[in-house]
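Participant: Just the structure for this:
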Amino acid sequence: MIEYTIIRSRRKTMCLQVKADGQVVVRAPLRMTKQQIQEFVQKHESWILKKQDLAWKNSRRPVITDQERREGMEAARRYIPQRVAYFAQRMDVTYGRITIREQKTRWGSCSSKGNLNFNWKLMRMPPEALDYVVVHELAHRKEMNHSERFWAIVEKELPDYRERRKMLRNPS
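Facilitator: Presented below is the predicted three-dimensional model:
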């Protein structure tokens, strides 16, 4: 049985929220019975458990200190442009500005003007994964999409790109 907190208001529908600490909140209309709320929670039990599991995994991620962040940014500013220059020459593409950032959901991006953005946290990944992101973004200099032609460009440079991409999805 899932424990939850009920917050009633003048809303028309029910909604579920799983907080960062895994606590479940049900927001419900004033007229909704406890039985209806319980049935709603039971109906969405698998979704709640997935969200709680994700919250638990996220809580176990190491906290990055300001010093680690500074050092990582500095290392990325030195190292990533070298890898970009190396692969750009091999792939016969040009690029604009390189920016190192800390995005929450992206490892890299390429603008229509050819400017490249990379997440400094790539420095915490295996070098093969970092090279995959560099090649992926440079491939966008030839194909600004994820078509078969795009993936053929990536595969020509990195035949094992699928394995490298998996490293990014399952950081340890």
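
Participant: just checking, residue 124 touches residue 72?
Facilitator: Yes - between residue 124 and residue 72 there is a contact at 6.9 Å, judged by CB atoms under 8 Å. Where you see a C-beta, it was placed from the backbone N, CA and C, and this is true even at glycine.

Participant: So for those two, which sits in the more crowded spot?
Facilitator: Legend: neighbour count by other CB atoms under 10 Å for residue 124 and residue 72, higher for residue 72 (19 against 16).

Participant: Would you agree the more buried one is in contact with residue 121?
Facilitator: Yes - judged on CB under 8 Å, residue 72 makes contact with residue 121 at a distance of 6.9 Å.

Participant: Where do the helices of this structure begin and end?
Facilitator: 34-43, 45-59, 66-91, 127-139, 148-157, 161-169 (DSSP state H).

Participant: out of the ones you listed, deepest packed?
Facilitator: The highest average neighbour count among the helices of the chain, using mean count of other CB atoms under 10 Å, belongs to helix 127-139 at a mean of 22.

Participant: Next one: the residue of the chain positioned farthest from its centre relative to residue 4, how far apart?
Facilitator: Going by CA atoms, centre = their mean, the residue of the chain most distant from its centre is residue 31, 39.2 Å out. For residue 31, the distance to residue 4 (CB to CB, to the nearest Å) stands at 19 Å.

Participant: Report pLDDT for the spatially most central residue of the chain.
Facilitator: For the chain, the residue nearest the mean C-alpha position is residue 105 (3.2 Å; CA atoms, centre = their mean). On the pLDDT scale, residue 105 is placed at 86.

Participant: So what does it look like in phi/psi?
Facilitator: Note on residue 105: backbone dihedrals following degrees, to the nearest 10 are phi -120, psi 0.

Participant: could we number from 28 for the rest of this?
Facilitator: Renumbered: residue one is now 28, and that last one reads residue 132.

Participant: For residue 35, list each beta-bridge partner.
Facilitator: Counting by DSSP bridges, residue 35 is bridged to residue 55.

Participant: That one is in contact with residue 57, isn't it?
Facilitator: Yes - the pair formed by residue 35 and residue 57 meets the contact definition of CB under 8 Å, at 5.2 Å.

Participant: Pull the number of nearby residues for the nearest residue to residue 50 once chain neighbours are set aside.
Facilitator: Among residues not flanking residue 50 along the chain, residue 32 sits closest, at 6.9 Å (CB to CB, 6 or more residues apart in numbering). The number of residues packed near residue 32 is 11, by other CB under 10 Å.

Participant: Residue 32 reaches residue 51, doesn't it?
Facilitator: Yes - the pair residue 32 / residue 51 is scored as a contact, 7.1 Å apart, by CB under 8 Å.
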